[in-house]
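Colleague: Quick one: sequence plus predicted model below, questions after.
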Amino acid sequence: MSGLVSKLDEFLNTDRLRAWNHVLAAALLVCILGFLALSSHGIDPTGKPLGTDFTSFYAASQLTLAGHPESAYDPAVHGAAQNAIFGREVGYAAYFYPPLFLLICLPLALLPYLWSLAIWQGLTFAAYARVVRRFAGPGLDALAIATFPAVLINLGHGQNAFLSAALFGAGLLSLNTRPVLAGVLLGCLAYKPQLGIVIPFALIAARRWDTFAAAGATVVALAALATFAFGTEIWRAFLANMPLAGAVLEQGLVDAYKMQSTYAAVRVIGGTHAAACIIQGLVSVSALTALVWVIMRTPRGDVEAPVMALAALLVSPFLLDYDLVILALPLAWLYAQARRTGFMPHEKLVMLAAFVLPLVARTLAKGAHLPLAPLVIAALFAVVVRRLLRDVAVESAPPLASQLHPALGA
């Protein structure tokens with residue numbers, strides 16, 4: 001088995017991967033252009049709105065601009081607003097985000113729907129691409145950033161994963177040079193709290209007190225701003241909507257095969273809600289423990305970045321396939337490290353699996369009851385930790401001369 005894996009490692013050379021990436025880019029471009037050509041008046045060939053989930057953000061903006069921000073948390077009113085955008089029944093895209101996200105959504109309805117969708121995706125994609133390029137350093141083909149399959153999934157859903165990845169990545173890149181800015185950026189992730197669970201644990205473990213304080217202050221400031229802008233009623237409406245958010249998991253209101261968490265994996269293979277919660281809890285605690293252990297074990301200042309991104313994906317029970325955009329951060333980091341010191345055994349194979357994962361995860365979970373996402377993310381986590389520990393061991397090792405003869409190191 002190890003021999004086969006080694007041969008696959010050798011087969012996956014740079015030229016071959018680049019050629020496959022160009023083929024993938026051409027195929028994705030044909031699919032996107034064909035999909036848009038078959039769409040009409042903002043409705044795609046399947047009868048759904050272009051940027052399906054974006055209808056939730058846009059309708060929330062409409063209601064807020066009309067003076068009724070609390071209505072974004074009323075499924076009946078919010079759903080009617082979504083249908084009114086297109087003048088027909090288009091299904092319901094729920095809105096479970098905290099009021100902080102309304103501050104971001106607020107201007108969206110100032111433009112027609114399709115223009116707003118295009119600008120939203122264009123600006124957030126540009127931020128995502130810039131951050132990924134910073135992680136990867138020079139040499140990464142821009143096509144690889146654009147053709148990461150999670151990018152296409154996020155574009156199709158009109159979702160906010162580009163923004164999440166950009167905030168997360170920019171915050172992590174700023175930890176050493178601008179710790180307060182890092183805290184502000186990471187604090188802004190409070191609009192999607194399930195991705196921010198790992199942040200306080202990592203910052204405390206790394207003793208980044210300035211960043212920790214800045215992140216906490218940012219969350220408080222955003223909450224105060226949302227209260228000032230929308231009134232205290234917005235928080236009552238948000239909290240009243242939380243039981244429905246809980247039912248999404250417990251009652252399967254979102255199909256488990258669409259999610260990529262450990263919780264969803266257990267449900268896909270027939271596990272009960274209780275069993276899924278227990279196993280997700282064990283994985284979450286394990287990921288957090290490993291995250292803290294790695295940060296405390298590796299004194300280098302940049303170790304938080306890849307492990308925090310992967311731990312965030314492992315810890316969250318509510319993880320959709322578009323959220324896998326965040327995988328681009330550790331993948332880009334590994335690419336940069338491999339260019340510097342060479343690939344470690346089996347590293348390319350795990351990276352390829354993680355790159356392809358968003359393209360096949362939902363299909364395999366639905367059609368074959370094979371939820372691969374938690375396993376692939378965990379494998380990538382292990383690969384990152386192995387590289388970090390190796391690099392620390394190399395950096396802390398005494399010079400070769402002192403190893404050969406103790407007197408030479410005196």
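Modeller: On my side now, so go ahead.
Colleague: Run a quick neighbour tally on Ala81.
Modeller: Ala81 has 23 neighbours, counted by other Cβ atoms under 10 Å. C-beta: built from backbone N, CA, C; applies to glycine.
Colleague: ok, now which ones touch the nearest residue to Leu103 once chain neighbours are set aside?
Modeller: The shortest distance from Leu103 to any residue other than its chain neighbours is 5.9 Å, reached at Ala226 (Cβ to Cβ, 6 or more residues apart in numbering). With contacts defined as Cβ atoms under 8 Å, 6 or more residues apart in numbering, the neighbours of Ala226 are 98-100, 102-103, 234.
Colleague: same thing but 7 Å
Modeller: Counting by Cβ atoms under 7 Å, 6 or more residues apart in numbering, Ala226 touches 99-100, 102-103, 234.
Colleague: what stretches of the stretch 151-300 of the chain score poorly on pLDDT?
Modeller: Applying pLDDT under 70 to the stretch 151-300 of the chain flags residues 299-300.
Colleague: 80 instead, please
Modeller: By pLDDT under 80, the weakly predicted segments of the stretch 151-300 of the chain are 245-253, 298-300.
Colleague: just the helices in it please.
Modeller: Under the criterion DSSP state H, counting those that start in this stretch, the stretch 151-300 of the chain contains helices at 161-173, 179-187, 198-205, 209-230, 233-240, 242-250, 262-268, 273-297.
Colleague: buried set for the fifth one?
Modeller: To tie it back to what came earlier, the one meant is helix 233-240. Burial within helix 233-240, assessed by neighbour count using 16 or more other Cβ atoms under 10 Å, is assigned to 234-235, 237-238.
Colleague: Would you mind listing the two of those that lie farthest apart?
Modeller: Pairwise distances across the buried residues of helix 233-240 (Cβ to Cβ) peak at 7.3 Å, for the pair Trp235 and Ala237.
Colleague: count of neighbours near Val30?
Modeller: When counting by other Cβ under 10 Å, one arrives at 10 neighbours for Val30.
Colleague: In terms of pLDDT, where does it sit?
Modeller: Val30 carries a pLDDT score of 78 in this model.
Colleague: what about it, which SS state?
Modeller: The three-state label for Val30, taken from DSSP: H, G, I helix; E, B strand; the rest coil, comes out as helix.
Colleague: how much space between it and Phe230?
Modeller: Applying Cβ to Cβ, to the nearest Å, the value for Val30 to Phe230 is 44 Å.
Colleague: Report the contact partners of Leu225.
Modeller: Leu103.
Colleague: coming back round to it: out of the buried residues of helix 233-240, which is nearest to Lys192?
Modeller: For those, the residue nearest Lys192 by Cβ to Cβ is Phe238; the value is 14.0 Å.
Colleague: I'd assumed Tyr97 was in contact with the closest one.
Modeller: No. The pair Phe238 and Tyr97 does not pass the contact test of Cβ atoms under 7 Å, sitting 8.5 Å apart.
Colleague: Please name whichever of the helices of the stretch 151-300 of the chain is nearest to Ala127.
Modeller: Of all those, helix 161-173 comes closest under Cβ to Cβ, at 3.7 Å.
Colleague: what's the closest one in contact with?
Modeller: Helix 161-173 is contacted by residues 124-125, 127-128, 131-132, 134-135, 154, 182, 185-186, 188-189, 192, 195, 304-305, 308-309, 322-323, 325-326, 328-329 when judged by Cβ under 7 Å, 6+ apart.
Colleague: Any of the residues you listed buried? List them.
Modeller: Buried members of those, counted by 16+ other Cβ under 10 Å: 124-125, 127-128, 131-132, 135, 154, 182, 185-186, 188-189, 192, 195, 304-305, 308-309, 322-323, 325-326, 328-329.
Colleague: surely Phe96 meets Pro243?
Modeller: No. Counting by Cβ under 7 Å, Phe96 stays clear of Pro243, with 10.9 Å between them.
Colleague: Which one's more surrounded, the two?
Modeller: More crowded of Phe96 and Pro243, by other Cβ under 10 Å: Phe96, with 16 against 9.
Colleague: what's that one in contact with, if anything?
Modeller: Remark: with contacts taken as Cβ under 7 Å, 6+ apart, Phe96 is in contact with 241, 245.
Colleague: pLDDT score assigned to it?
Modeller: pLDDT, Phe96: 91.
Colleague: now do Pro398
Modeller: Pro398 is assigned 47 on the pLDDT scale.
Colleague: where along the stretch 51-200 of the chain do the strands fall?
Modeller: Counting by DSSP state E, counting those that start in this stretch, the stretch 51-200 of the chain yields no residue ranges for strands.
Colleague: quick one on the thing from earlier: can you put the buried residues of helix 233-240 in JSON lines and add distance to Pro149?
Modeller: Below are the buried residues of helix 233-240 laid out as JSON lines (distance: Cβ to Cβ, whole Å):
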{"residue": "Ile234", "distance to Pro149": "36"}
{"residue": "Trp235", "distance to Pro149": "37"}
{"residue": "Ala237", "distance to Pro149": "36"}
{"residue": "Phe238", "distance to Pro149": "33"}
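Colleague: Name the nearest of the residues you listed relative to Glu89.
Modeller: Nearest member of the buried residues of helix 233-240 to Glu89, counting by Cβ to Cβ, is Ala237, at 24.3 Å.
Colleague: That closest one contacts Glu70, correct?
Modeller: Yes. Ala237 is within contact range of Glu70, at 3.8 Å (criterion: Cβ under 7 Å).
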